[in-house]
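In: this one's structure only:
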């Protein structure tokens, strides 16, 4: 398996430095992907810049908390979030907070 990396930095001659930079880039890519998929970052329908910044700030705070909990529990952030939703669904099926009446 070969990973090809192309750069226009003619002063770079170290493979280790290139691998290090690519490692940082991957972490940033992971942050963006996870924050979009787990926190609703892209779903903001606000028009004012201040409210959009607040939404982005809150979404990243949620992401940081999810990462912290995932690290503590030894799970991925995806397992953690879906597990929370599973627990909620089980609890609601056992004891619904909204009673349904059928005709």
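Out: Done, it's in. In this text the structure is predicted, and so the values were computed from the model without any measurement.

In: So which residue is smack in the middle of the protein?
Out: For the chain, residue 34 is the residue whose C-alpha lies nearest the centre (Cα atoms, centre = their mean; 2.3 Å).

In: Contact partners for that one?
Out: 63, 66-67, 77 (Cβ atoms under 8 Å, 6 or more residues apart in numbering). For the C-beta atoms, the positions are set from N, CA and C on the backbone; glycine is no exception.

In: Next one: it, what pLDDT does it get?
Out: On pLDDT, residue 34 comes in at 91.

In: Check which helix or strand it maps to.
Out: helix 15-39 (DSSP states H and E).

In: distance of residue 74 from residue 8?
Out: As for residue 74, its distance to residue 8 is 41 Å (criterion: Cβ to Cβ, to the nearest Å).

In: ok, the two, which is more surrounded?
Out: residue 74 (8 against 5; other Cβ atoms under 10 Å).

In: now the more buried one: how far from residue 64?
Out: In terms of Cβ to Cβ, residue 74 sits 18 Å off from residue 64.

In: do the same with residue 18
Out: For residue 18, the distance to residue 64 - Cβ to Cβ - is 29 Å.

In: Restricted to helices, list the contacts of residue 34.
Out: Applying DSSP state H to the contacts of residue 34, the entries found in helices are 63, 66-67, 77.

In: And those, which two are furthest apart?
Out: Spatial extent of the ones in helices among the contacts of residue 34 (Cβ to Cβ) is set by the pair 63 and 77 at 7.7 Å.

In: In the protein, where is pLDDT below threshold?
Out: Scanning the chain for pLDDT under 70 picks out the ranges 103.
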